[in-house]
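[1] the following comprises the amino acid sequence and a computationally predicted model.
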Amino acid sequence: MPRHTEAAHTGPVAVLVVTWNSAAVLPGLLASLTEGMAGLDWRLVVADNDSADGTPELVRSLAPDATLVPTGRNAGYAAGVNAALRAAARWNGGYRAALVCNPDIRMRPGCAGILVAALGTAAPDGTRVGISVPLLYEEDQRTLVHSLRRESSVTRALGEAVLGNRRAGRFPRWSELVTDPAAYAQRTCADWATGALMALSGDCLDACGPWDESFFLYSEETEYCLRARDHGYVTRLAPETAAVHLGGDSKVSPRLWTLLTLNRVRLYRRRHSAVATAAFRAAVLLRETSRAALGRAASRAAAAALLRPSALRATPGP
């Protein structure tokens, strides 16, 4: 997102939250912000995707100083992020970094300060940290979420199909998922990371521009992390801090799992040849059909969609 003055890089941190019928979880996030953002000058922007459950009214009541941006439709996550970035860019002096977070995130005290401090620091290969992420825990606050990822490849898709994500995750060649405990105990650089909570530097945002709105939901953070890497910025874990992610229903909802699966293939297609994409799609299809055979309804729906060429040509939406 273009930022017009040098002062933009020394302004407040823009906390960007995209909501859609988020009234049940948003109060917890808002309550965690005071301690989570401790030590930072920050301002909140909430982009609401046409919620029908009173979310905008809740924002006005609980966070009256927030910038509320109604998108007017269920525009998708990336579109919401872009709407929030445009609103923050209009602040006098702009913003120096952005913190993109789901409404079901609960930051631990001082979390954002550590993430923002990591931005712009040097990675081991001499590149700069453009995106920083914390450790994520499930709702029980003890179970670590394996949030680091490797870039998709045919061999990794095959490894996950044959071995399963967690078993394959021990072998970098055979899985996108990073499961090695050592990776979560140090400042690990990853190809991408789960986008539930991530800090982005102003320079990285300038270089990469808006989020890709063709990914209605899922893979938008993957695409952005890979695009940041293309521009010389890395995504790095800050293991010194953490947040709780209440999670979603993509693993149990056939519609959402299908959307996640199709977007993985769509993103791969953008970055690889037609032949490589056909092989990747076949490997993902093998994974979903094998799980469908075990009775998983979400995988059955995803496999059916993968068999329809039109499903990949369409832009997934609500």
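    Now that the structure is in, tell me what you want to look at.

[2] centre of the chain versus whichever strand in the chain runs longest, how much separation?
    For the chain, the strand that runs over the most residues, judged by DSSP state E, is strand 233-245. The offset between the C-alpha centroid of strand 233-245 and the centroid of the whole chain comes to 12 Å, using CA atoms, centre = their mean, to the nearest Å.

[3] with stretch 135-152 instead?
    Computed by CA atoms, centre = their mean, the chain-centroid distance of stretch 135-152 equals 12 Å.

[4] send the alpha carbons of it over as CSV?
    Included here for stretch 135-152 are C-alpha records, laid out as CSV according to Å, rounded to 0.1, in the frame of the first residue of the first chain:
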residue,chain,number,x,y,z
LEU,A,135,4.1,-18.9,18.7
LEU,A,136,0.5,-19.8,18.5
TYR,A,137,-1.3,-22.0,21.0
GLU,A,138,-4.7,-23.6,20.8
GLU,A,139,-7.6,-22.5,23.1
ASP,A,140,-6.3,-24.7,26.0
GLN,A,141,-3.2,-22.4,26.0
ARG,A,142,-0.9,-25.4,26.2
THR,A,143,-1.1,-27.1,22.8
LEU,A,144,1.4,-25.6,20.3
VAL,A,145,0.0,-24.9,16.8
HIS,A,146,2.5,-25.9,14.1
SER,A,147,2.2,-22.6,12.3
LEU,A,148,5.4,-22.6,10.2
ARG,A,149,5.2,-23.8,6.6
ARG,A,150,7.5,-24.7,3.7
GLU,A,151,6.5,-23.7,0.1
SER,A,152,4.3,-26.2,-1.7
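
[5] buried set for that stretch?
    Judged by neighbour count (16 or more other CB atoms under 10 Å), stretch 135-152 contains these buried residues: Leu135, Leu136, Tyr137, Val145, His146, Ser147, Leu148, Arg149, Arg150, Glu151, Ser152. No exception for glycine: its C-beta is placed from N, CA and C like everyone else's.

[6] want to throw these into TSV with pLDDT?
    Converted to TSV, the buried residues of stretch 135-152 look like this (pLDDT from 0 to 100):
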residue	pLDDT
Leu135	98
Leu136	97
Tyr137	96
Val145	95
His146	95
Ser147	96
Leu148	97
Arg149	97
Arg150	96
Glu151	97
Ser152	96
